[in-house]
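# For reference, the sequence and a predicted model appear below.
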Amino acid sequence: MRTDPAAVGSRSVDVMNLEDSRPTTLLEGDGTEEALSSISTIKIESRPSGAISRAVICNPVGKTIDAPYVIHDDAGLILLHLSREKPDYLTSIARNLSKTGGTVRDASQIISRVFEQERDLDDGDSIVVRKIGIEGNYCIKISSGRRGLESSEQSFHNFALSQGGLTYHHLRGNYLPQEIGLAEFVKLQNGCYPGQEIHARLDSRNPITKRLVRVRCDVNIEKKRLVTEDGKLKIITPFLDDFAHAIADKGVLDGRIDHRGTILEVKTIHSAF
């Protein structure tokens, strides 16, 4: 049983200056775009200072380990990592950049990123990633200097699960990018990045039809796999404040589902942040 997605209410999450404390890296020197592109599923083009790109980094079997936003800056490329720890692939980038005198620097203490609602945004001199979240009504404000705002892993996880953000549950080489809302950042024509052969094989022989969805349920579901009349839902995160993320089969549509007496509200995460 389903209802029109427009009729399904979504809980409004109170986010006001929620700081994201995950690591940030600065790539300096000539050839930074090429060095990052060599391991990304999408080519990073040279762009003006202040422009924003997105990279997706996979392991050799095509599973996602990071999907950083890339800020183009006069000093180089700023990577806003989604992993909790500084990723190992930076060693490979540092090795390539060192050949031309470039460097990889930890910028976590000098660059801040803060989640805000679009309606409350006062960007000033900040760089802003706009229209994030399931409804596109949040943004990420990037600025120099730590702001000393209250930040906690629990607060971020609550926000991410309610609005379609990626956490360590999605990364660490667990899932294909096409399964977790990153399909638009996979371009097979981009050189020979780690996992490209697997992505190409899947694309040509067995197209990926699964997608990332947000599940809202007032009951804490213990099962990791739910079978509905339209397909399967694989729950990949814990439930927090009634929200979790799942990988859904093609037949599972957005809306309200009655699963053996338990009501689930399903919403597609088109572009995970």
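Nice, I can see it.

# Which residue ranges of the stretch 151-273 of the chain form strands?
211-216, 225-228, 231-235, 243-248, 255-259, 262-268 (DSSP state E, counting those that start in this stretch).

# strand partners of the last one, parallel vs antiparallel please.
Meaning strand 262-268. strand 211-216 (antiparallel), strand 255-259 (antiparallel) (DSSP bridges).

# Next: the third one.
Strand 231-235 has these partner strands in its sheet, going by DSSP bridges: strand 225-228 (antiparallel), strand 243-248 (antiparallel).

# want to throw those into TSV with distance to residue 73, mean pLDDT and mean neighbour count?
All C-beta spots, glycine's among them, are computed from the backbone N, C-alpha and C. Formatted as TSV, the strands paired with strand 231-235 follow (distance: least, C-beta to C-beta, whole Å; pLDDT from 0 to 100; neighbours: other C-beta atoms under 10 Å):
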stretch	distance to residue 73	mean pLDDT	mean neighbour count
strand 225-228	44	89	16
strand 243-248	32	97	24
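
# So for residue 176, which of those sits nearest?
strand 243-248 (9.5 Å; C-beta to C-beta).

# where in this protein is pLDDT low?
Applying pLDDT under 70 to the chain flags residues 1-16, 123, 146-151.

# Distance to residue 81 for the strands of the stretch 151-273 of the chain - can I get that in TSV?
Formatted as TSV, those follow (distance: least, C-beta to C-beta, whole Å):
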stretch	distance to residue 81
strand 211-216	19
strand 225-228	30
strand 231-235	25
strand 243-248	19
strand 255-259	34
strand 262-268	25
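
# Among these, single out whichever gets nearest to residue 184.
Here strand 211-216 is closest among those (C-beta to C-beta), at 12.0 Å.

# now what about the closest one, what contacts it?
Applying C-beta atoms under 8 Å, 6 or more residues apart in numbering, the set of residues contacting strand 211-216 from outside is 10-11, 134, 161-162, 164, 170, 179-181, 233, 235, 242-248, 250, 252, 254, 264-269, 272.
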